[in-house]
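Q: Turn this into a structure:
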Amino acid sequence: MMQALERVHMLNFAERDYMTLSGGEKQRVLVARALAQQPQLFVLDEPTNHLDIHHQLELLELIHELGMTTLLTLHDLNLAATYCHRLYLLAGGKIVAHGTPEKALTPELIQQVFYVRAAIGKHPLTGGMQLSLIPLPEVSALQKKL
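A: Numbering: from 1, shown residues only. Sure thing, here's the model as predicted:
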């Protein structure tokens with residue numbers, strides 16, 4: 001377990017009571033617990049939740065470097081496009097698209113599922129896919145009435 005805590009940079013917190021940790025620290029401890037079990041399949045539900053940007057990227061890099069099959073849920077489309085080889089886009093509990101990020105994350109599908117407009121381009125540093133998202137005016141107007 002200590003090696004797993006070290007991998008998520010939580011070794012200095014090993015003696016702390018779990019309930020005294022911040023949300024992000026708890027999240028990293030839970031990932032360490034999963035790593036310590038040496039799974040063949042890594043299943044993570046929103047592993048970047050409660051993490052600051054640095055720790056989100058660090059955790060996803062770690063998961064990527066493990067080289068094991070990983071099933072995870074992410075709501076951040078840019079993180080999904082960067083770190084996932086295959087995506088399943090869900091709407092109403094049903095799969096509406098699947099495939100590579102380029103296939104599953106089209107402006108039309110993003111608008112249909114998330115009610116936002118999407119501009120898709122190339123990230124200037126990585127060359128990977130980058131999404132810019134803005135709300136649809138008609139959806140924003142509807143929300144203001146509610």
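Q: can you map out the strands along this structure?
A: 41-45, 69-73, 87-91, 94-99, 116-122, 129-135 (DSSP state E).
Q: Name the nearest residue to the most centrally placed residue in the chain, sequence neighbours excluded.
A: For the chain, L74 is the residue whose C-alpha lies nearest the centre (Cα atoms, centre = their mean; 3.4 Å). Leaving out its chain neighbours, the residue that sits closest to L74 by Cβ to Cβ, 6 or more residues apart in numbering is A80, at 4.6 Å. For the C-beta atoms, the positions are set from N, CA and C on the backbone; glycine is no exception.
Q: residues touching the residue nearest to the centre of the chain, list them.
A: Listed by Cβ atoms under 8 Å, 6 or more residues apart in numbering, the contact partners of L74 are 46, 48, 80, 83-84.
Q: give me that answer again for 7 Å
A: Each residue near L74 by Cβ atoms under 7 Å, 6 or more residues apart in numbering is listed here: 46, 48, 80.
Q: closest one to I53 among the strands of the chain?
A: strand 129-135 (15.1 Å; Cβ to Cβ).
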